[in-house]
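J.: Model the following, please.
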Amino acid sequence: MLTKVYGSAVFGVEATTITIEVNIDKGIGYHLVGLPDNAIKESNYRIAAALQNNGYKIPGKKLTINMAPADLRKEGSAYDLTLALGILSASGQIASENIDNYIIMGELSLDGSLQPIKGALPIAIKAKEEGFKGFILPAENAKEAAIVNGLEVYGIENIRQIIDFFDEKTPLERTIVDIKAEFQKNLDFPEFDFSDVKGQESIKRCMEIAAAGGHNIILIGPPGAGKTMLAKRLPSILPPMTLNEALEATKIHSVVGKTENIGLMSQRPFRSPHHTISSAALVGGGSYPQPGEISLSHNGVLFLDELPEFERRVLEVMRQPMEDREVTIARARFAVTYPSSFMLVASMNPSPGGYFNDPDAPVTSSPAEMQRYLGKISGPLLDRIDIHIEVTPVPFDKLSEERKGESSVAIRKRVTAARELQSERFKDMEKVHYNAQMNTKQIREFCKLDDASKNLLKSAMERLNLSARAYDRILKVARTIADLENTEELNGNHISEAIQYRSLDREGWLG
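T.: Numbering: from 1, shown residues only. All right, here's what the predicted structure looks like:
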């Protein structure tokens, strides 16, 4: 008897439906074809034990199982449940009149319980597109898949539940997610709040500008000045994610299996990889490509602490994704593209000793040592960072103040208002949503200067020997400053403030 059941494979952040054809014939043997990897080839042992421990068995006949399309590589253990149901259906051990209405995925333990899978959200989206009635998967992934409206999602904990469901003995409980409630979760009560930050008003201003325009920022200062504390609080002032942004971020985290029991991501991601990270782990890669940290921070923040400690080769591979806001990983037979539209926040000490030309510092470094230290970061990478700002230690009288600073919720209101102006400005442009994404043509259109502002910027360009890319960065930041003031025209104040945020371009910075 021939039976067809349906599973799914994930490539990049998109899913492809896989048809599992199970044929039982005279003879003895178990033949699994269709380019399965080792994890799938080993599934017959897991399936046999799980079925036996639940009162069923693999029939002692010739079993031929094809995973179509046969020329597409399949990997992972998530097909265990699909294969087991196909075998039970083909051998007549369960009723299977409507089994082809469902996508079925799950990894089996030997007792028949289910382990979570990766990529539940992309699979659910594909199942909805192709007209399947429902999606049956492990209970830990059910909330994530239930984000997709119009698809029945059933989370199960044991293979026995799905057998009883198809035999019409016991119905399954459908998982339903309230997307609006997910969005509101923790929105007004962030874990890290700017009200906890003492002093540092100028740095908070920089962070507000960076958040309002989506600008990359680097914080330079001695140990203990508060660089990491400020960076961790940046997501709390970013505008709430739109539904599309939340779906994009959840899909990427789903592919790497980081979304169990959370449903839709309501908070912007914050990723902080260690400086020993490899280039493949940062941008994505591997024999079977997986998203890297820059994609996991899509629509959120990527924080690189102690930037010069990262290998230069690792940092250089970020340059193109920072410009294109996506990364393509190519292999001989296929290529996958992951989105990577993130805000880069980097921090660094001004010297190997950690202090900047301070004779009273516990450790001092010579100008040559400082130059060598900063030389670990390439000029083209620094050019792609819009805002450079020096962070100074907070004096004791500020630290000991009882008064709390301005809350993240209050700052976020101003940031959101500025982003709304930008959304209106770029509403007819497909790939531009905020100021940091503007290209040269758009900068010329939306960042027009009067004569006084032009002369001011010309003087700064000549004095600081800035590149053309740095020129564009200054105009983008000035545009954001004007948006925070709800001003359409740029003026000298906006330009002069934006120029201040190019610390690493200043002559004499290295002494």
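
J.: how close does residue 281 sit to residue 292?
T.: In this view, residue 281 and residue 292 are 6 Å apart by C-beta to C-beta, to the nearest Å. Using the backbone N, CA and C atoms, a C-beta is placed for each residue, glycine as well.

J.: So for the two, which sits in the more crowded spot?
T.: residue 292 (28 against 16; other C-beta atoms under 10 Å).

J.: from what I can see that one touches residue 280, true?
T.: Yes - if you go by C-beta atoms under 8 Å, residue 292 and residue 280 touch, sitting 6.9 Å apart.

J.: any residues in contact with both of those two?
T.: Between them, residue 292 and residue 280 share no contacting residue under C-beta atoms under 8 Å, 6 or more residues apart in numbering.

J.: does residue 76 belong to a helix or a strand, and which?
T.: In this assignment (DSSP states H and E), residue 76 forms part of neither any helix nor any strand.

J.: In this structure it contacts residue 118, no?
T.: Yes - using C-beta under 8 Å, residue 76 is in contact with residue 118, at 7.1 Å.

J.: How many residues are close by residue 166?
T.: 20.

J.: contacting residues for it?
T.: Residue 166 neighbours (C-beta under 8 Å, 6+ apart): 85, 89, 94, 95, 96, 98, 99.

J.: what's the nearest residue to the fifth one if we skip its chain neighbours?
T.: Beyond its immediate neighbours in the sequence, the residue positioned closest to residue 96 (C-beta to C-beta, 6 or more residues apart in numbering) is residue 89, lying 3.7 Å away.

J.: Contacts only, for the one you found.
T.: Counted by C-beta under 8 Å, 6+ apart, residue 89 has contacts 3, 5, 22, 96, 99, 166.

J.: would you say it is within a strand?
T.: No - using DSSP: H, G, I helix; E, B strand; the rest coil, the secondary structure at residue 89 is helix, not a strand.

J.: Can you tell me the SS state at the spatially closest residue to residue 49 that is not a sequence neighbour?
T.: In space, and not counting its chain neighbours, residue 49 is closest to residue 110: 4.1 Å by C-beta to C-beta, 6+ apart. At residue 110 the chain is in coil, as set by three-state DSSP.

J.: burial of residue 110, as a residue count?
T.: 13.

J.: And for the one 3 residues further on?
T.: Burial of residue 113, expressed as a neighbour count using other C-beta under 10 Å, amounts to 18.

J.: so what's the backbone phi/psi at it?
T.: phi -80, psi 160 (degrees, to the nearest 10).

J.: Likewise for residue 7?
T.: phi -130, psi -160.

J.: Next, the residue lying closest to it once chain neighbours are set aside: secondary structure please.
T.: Spatial nearest neighbour of residue 7, chain neighbours left out: residue 82 (4.0 Å); criterion: C-beta to C-beta, 6+ apart. What three-state DSSP gives for residue 82 is helix.

J.: Name all residues that make contact with residue 82.
T.: Taking C-beta under 8 Å, 6+ apart, one finds 5, 6, 7, 18, 20, 104, 105, 106 in contact with residue 82.

J.: hmm, try it at 6 Å
T.: For residue 82, the contact set (C-beta atoms under 6 Å, 6 or more residues apart in numbering) comprises 5, 7, 20, 104.

J.: Just put the residues you listed in a markdown table and tack on neighbour count.
T.: What follows is the contacts of residue 82, written out as a markdown table (neighbours: other C-beta atoms under 10 Å):
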| residue | neighbour count |
| --- | --- |
| 5 | 26 |
| 7 | 26 |
| 20 | 23 |
| 104 | 25 |
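
J.: Name the nearest of these relative to residue 50.
T.: Using C-beta to C-beta, residue 104 comes nearest to residue 50 of these, at 14.1 Å.

J.: Using CSV, write out every CA atom in whichever strand or helix holds residue 417.
T.: Assessed by DSSP H and E, residue 417 sits inside helix 408-425. The C-alpha trace of helix 408-425 is given here as CSV (Å, rounded to 0.1, in the frame of the first residue of the first chain):
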residue,chain,number,x,y,z
SER,A,408,13.4,54.7,28.4
VAL,A,409,9.7,55.0,27.8
ALA,A,410,9.9,58.9,27.6
ILE,A,411,12.9,58.8,25.3
ARG,A,412,11.2,56.1,23.1
LYS,A,413,8.3,58.5,22.5
ARG,A,414,10.6,61.1,20.9
VAL,A,415,12.4,58.4,18.9
THR,A,416,9.2,56.9,17.7
ALA,A,417,7.9,60.3,16.6
ALA,A,418,11.1,60.9,14.6
ARG,A,419,10.8,57.4,13.0
GLU,A,420,7.2,58.2,12.0
LEU,A,421,8.5,61.3,10.1
GLN,A,422,11.0,59.2,8.3
SER,A,423,8.4,56.5,7.5
GLU,A,424,6.3,59.2,5.8
ARG,A,425,9.3,60.6,4.0
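
J.: and that helix, which residues are buried?
T.: For helix 408-425, burial by neighbour count (16 or more other C-beta atoms under 10 Å) applies to 408, 409, 411, 412, 414, 415, 418, 419, 421, 422, 425.

J.: I figured the first one hits residue 238, correct?
T.: By that I understand residue 408. No - the pair residue 408 and residue 238 does not pass the contact test of C-beta atoms under 6 Å, sitting 9.5 Å apart.

J.: And the helix or strand hosting residue 231, what does it pack against?
T.: Residue 231 belongs to helix 227-232 when assigned by DSSP H and E. Of the remaining helices and strands, none touches helix 227-232 by 3 or more C-beta pairs under 6 Å, 6 or more residues apart in numbering; DSSP states H and E.

J.: go with 8 Å
T.: If contacts are counted by 3 or more C-beta pairs under 8 Å, 6 or more residues apart in numbering; DSSP states H and E, helix 227-232 sits against helix 201-213, strand 217-220, strand 301-304, strand 343-348.

J.: Those into a markdown table, with extra columns for distance to residue 385?
T.: Output for the helices and strands packed on helix 227-232, formatted as a markdown table (distance: least, C-beta to C-beta, whole Å):
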| stretch | distance to residue 385 |
| --- | --- |
| helix 201-213 | 10 |
| strand 217-220 | 5 |
| strand 301-304 | 11 |
| strand 343-348 | 7 |
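
J.: closest to residue 483 out of these?
T.: Counting by C-beta to C-beta, residue 483 lies closest to helix 201-213 out of these; the figure is 6.4 Å.

J.: Could you check how far that closest one is from the centre of its chain?
T.: 22 Å (C-alpha atoms, centre = their mean, to the nearest Å).

J.: same check, this time on stretch 241-251
T.: On C-alpha atoms, centre = their mean, the centre of stretch 241-251 falls 10 Å from the chain's centre.

J.: can you give me the mean pLDDT across that stretch?
T.: Averaging pLDDT along stretch 241-251 yields 88.

J.: next one: stretch 328-338
T.: Stretch 328-338 comes out at a mean pLDDT of 84.

J.: buried residues in it?
T.: 329, 336, 337, 338.

J.: For residue 132, see how far away the residue nearest to residue 7 is.
T.: For residue 82, the distance to residue 132 - C-beta to C-beta - is 13 Å.

J.: which neighbours do the two share?
T.: residue 6.
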